[in-house]
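3D, please:
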Amino acid sequence: MKWRLFVSEVLKIKKNKIITKEIKQTQSKKRSFIFKSIQAATQQVSPLWDVHNYVAVNPFFGLKEQNFLDVAKYIRGLSGHEIIPKKDFFLKKYTANEITDYDLEVAKKLFLKENEENGRKNPSVTELVDFISLDEKKNHFLRVKSISDIYDLEYDEKITGDITHEVSKWASAYFDEGQALWKISTDQIRFYTWWRSLVQYDHLFGEKKDSFLNLVKALPHEPDLALEMLTDRLMEKVSLDQKQLTDYYYRLLYTVLGWASYIQKFEFEAQRSQDSGESLQLGGIIDILAIRMAYDISLRDEISEVVFRAKEKKDDDDTDLDFLFIWLNAAENAYRREIEQKIRPSESRDQQNDRAVIQMAFCIDVRSEVLRRHLEKASKKIETIGFAGFFGLPIAVKGLGHSAAEQNCPALLSPRFEIGETASKNESSLTEKKQNFAHAKQLKNKIKASANCGFSFVETFGVGYAVKMILSSLGKLKTNINMSAMGLGQKEQENIQLDMQSLSFENKVSLGFNALKNMGLTSNFAKYVFFLGHGSETSNNAYASALECGACAGHNGQANAQVLANILNDTQLRLELKAKGIDIPEDTVFMSGWHNTVKDELILDENKSLNQEQKNELSDYQKIFDTAIEKARFERAQKMPWCSNLANDELKTEFYYKANDWSEIRPEWGLAKNASFIIGRRKLTRELDLGGRAFLHDYDSKQDPDLAILELIMTAPMIVTNWINMQYYASTVAGDKFGAGNKVINNVVGGIGCIEGNQSDLLSGLTEQSVCYQGQYFHEPLRLQVFIEADPGAIETIMHKHQIVRDLIQNSWLKVISIDPEHGEFKIFHQNQWIQIKEDLWN
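Got it, this is the predicted structure:
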């Protein structure tokens, strides 16, 4: 008997172990299932930087592994937002003959070539024209829904928007960078954990507050475990496969996409620097996903299972998107034809020009194209060069008296060197003066915002501030845009110089050599070589950083220009460069400065080593610079209807006022209308009118036998220009989601970004005033077309080496056109092959 009992117990234990093992395996599979979907959904979110360190980002960068048209359909089904321009945009272009029947035929043939196996409709040109002549289709149905979406549909509510405002409220409090007068302590804990500990004491969400409170109390303390528990509750209501669960998670993130993107920035930077410390401290994107899902699941029992399933899925016809996509390609074909007709690929490579007196290296920014053209037209002795505006220097710059350094290189890079500022005399006094100025300004702002002191501040300073506000709103008060010199007089500013002690001699040799090599300036040096960064000048503008140099992470590129000029004026260093094959003439002087894109000014830094003869020669050229600047300013004014009729002297005054005017909502057009990136010799485009729409980067394939320079351009500047282009594109076609709304009613939140009015998601992208005028598109939403003067095989070699480049090109996020260096033939890369449009499509 005892033996039987023993055997029975042994079998029971064994069975329990098997059951336990099966449970663990089931839990492991379930956890894996959930976290695969979480990972897939969160990877679709692009990073977003704060407004003080503005980085233009492709908002669809996280979806780059998918085809552009598929993403357009996905976004429509997820949100109802359209990411292809409206019919009216194409109709106007067709009516004005800017898009021709030929462009439509080319676009149609390329579309069918790409989709011949999908059974897509083959419309005639007449059908396509009839299509855009009809009213816009209103598409309100969401294929992917959260529970709050279903609740809104069922009860005709707007609770999804209410949840967005709730999450935004908590995120702005947690991530506040000093704007709030009474900051809630985060105690170095994750966003989700912090929210869970405090939300229980807040005005509780929803009608059934006890239900929400009980849910919050039941949530685990860690976001990953919370997501697992919340997903279990979701699955009790509806069964979702891996793709459906991924889409559900992304729909949740999409409703708080601004804040999710801002949090993604920390993870992006941690991966870039291979340091996860800050990301873990602040919490990752799963924190905001867990918070958003908690609000969603709190509504679960408000919806019957029948209703949930009935609204789960519905097929919809996306043929209209196919037709719009053909029209988009037709518009891009028209622009490409225009560029191909202008570019001169047959220009002789062997023809040597006389030595230039002036060489000016500008940022590739489209705003530089206009000024470069006018400078070269003004004098045959002036040559210009296009290069990334950080001049190849991975630096951060710490101003005198500042507590932290600012990144002055692309967001894709981590700064390797910190450049400081020092003073030739009275450094400690100047540092103290600047710090006192900053503290006084901060204190004044806090008093102004304080509930206790606000009224007394107005009573004491109100009259004086009224005068200041009136003058500033009329642009009559001058501003000091050199933030590192705030609080100092002009004479004191002249004492400040760069501190380059962090750069060893070897570092300087390497940086100088690579900069010259990568910009193609290894011989034929002019007498004076200028490195010109660029920056903007505005007042009372939360988005000021968006107008600065994108290659310098939203900062002025002057410091980079100064550092490089300083490096290359070193006599000993030039000997090292000569040993490396770069022989710089003894009489060549490197100088620095910056291009003010609001005023259209060139601010040239003083070089104290110049002799009187050199100063006189440069003084003569300053007159030529002034003439070119005046013409560039006049050309730019023609795109500004409010000042296009002003004379040149009036324009200068007008642009100065715009820089200083507190009430100015559109100080300049920035990079609006950008549409192409031309990588090749300057001879291809010298003196050609490209309308301020082209990024221009110097490149000579003859100087790049190992393709190292081309690889650098395609993996850095080309990606940056794609980010800029797609940000302008998305802010134009879907500004209500991917733009920053109406600048007039925006408010800065947390010192991080802006919200619209007093509550909204964190805004991303560009304001309506940056891309539209009087309710119409000013920016033309076209995908970037990259013209590369290189053999198609060379371009493909780079594509195959880099997944990110391959995704952007193969999935149509940008287009690449090869310009054959020997024969001047244009070929576009399409569906893994190079196509010569006229020959290949009509054979």
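
how about the strands of the stretch 351-500 of the chain, start to end?
Assigned by DSSP state E, counting those that start in this stretch, the stretch 351-500 of the chain shows strands spanning 358-363, 382-387, 395-397, 406-407, 417-423, 496-499.

looking at those strands, which is closest to residue 304?
strand 406-407 (52.4 Å; CB to CB). C-betas here are computed from N, CA, C, even on glycine.

Partner strands of the closest one, with direction?
Strand pairing for strand 406-407, determined by DSSP bridges: strand 395-397 (antiparallel).

so residue 409 makes contact with residue 553?
Yes - between residue 409 and residue 553 there is a contact under CB atoms under 8 Å: 6.6 Å.

Domain-wise, how is the chain divided?
As given by automatic domain parsing, the domain ranges for the chain are 65-141+317-327, 144-310, 343-699.

quick one, helices of the stretch 651-800 of the chain?
708-715, 717-733, 735-738, 768-771, 792-801 (DSSP state H, counting those that start in this stretch).

In whichever helix or strand residue 267 is part of, which residues are buried?
Take DSSP states H and E as the rule and residue 267 turns out to sit in helix 257-273. Buried residues in helix 257-273, counting neighbours by 16 or more other CB atoms under 10 Å, are found at 257-270.

where does the stretch 451-600 of the chain dip in pLDDT?
451-495 (pLDDT under 70).

coming back round to it: got the domains of the chain as TSV, with distance to residue 46 columns?
Listed next are the domains of the chain as TSV, based on distance: least, CB to CB, whole Å:
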stretch	distance to residue 46
domain 65-141+317-327	12
domain 144-310	6
domain 343-699	11
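
that older thread, so between residue 409 and residue 553, which is more surrounded?
residue 409 (27 against 23; other CB atoms under 10 Å).

Identify the residues contacting that one.
Shown in contact with residue 409 (CB atoms under 8 Å, 6 or more residues apart in numbering): 390, 393, 394, 395, 396, 415, 551, 552, 553, 560.

Return the backbone torsion pair for residue 752.
Main-chain torsions, residue 752, degrees, to the nearest 10: phi -110, psi -50.

now it: how far from residue 405?
Look at residue 752 and residue 405: by CB to CB, to the nearest Å, they are 19 Å apart.

One more: residue 416?
12 Å.

Next up, phi/psi of residue 591, please.
When quoted as degrees, to the nearest 10, the phi and psi of residue 591 stand at phi -130, psi 170.

and it, what does it touch?
Contacts of residue 591 by CB under 8 Å, 6+ apart are 528, 529, 530, 531, 565, 604, 605, 607.

So in terms of bridging, what pairs with it?
In beta-bridge terms (that is, DSSP bridges), residue 591 pairs with residue 530.

repeat for residue 422
The partner residues for residue 422, given DSSP bridges, come to residue 497.

Would you agree it is in contact with residue 500?
No - if you go by CB under 8 Å, residue 422 and residue 500 don't touch, sitting 9.5 Å apart.

more neighbours, these two?
Set side by side, residue 422 and residue 500 show more neighbours around residue 500, with 18 against 15, by other CB under 10 Å.

Now for the more buried one: which residues touch it?
By CB under 8 Å, 6+ apart, residue 500 lies in contact with 419, 508, 563, 566.

On the three-state scheme, the last one is what?
Read that as residue 566. Three-state assignment for residue 566 (DSSP: H, G, I helix; E, B strand; the rest coil): helix.

Would you confirm that residue 157 belongs to a helix?
No - using three-state DSSP, the assignment for residue 157 is coil, not a helix.

for the stretch 551-700 of the chain, what spans make up the strands?
For the stretch 551-700 of the chain, applying DSSP E, counting those that start in this stretch gives strands covering 589-596, 601-604, 676-680, 694-698.

Nearest to residue 835, out of the domains of the chain?
Here domain 65-141+317-327 is closest among the domains of the chain (CB to CB), at 7.9 Å.
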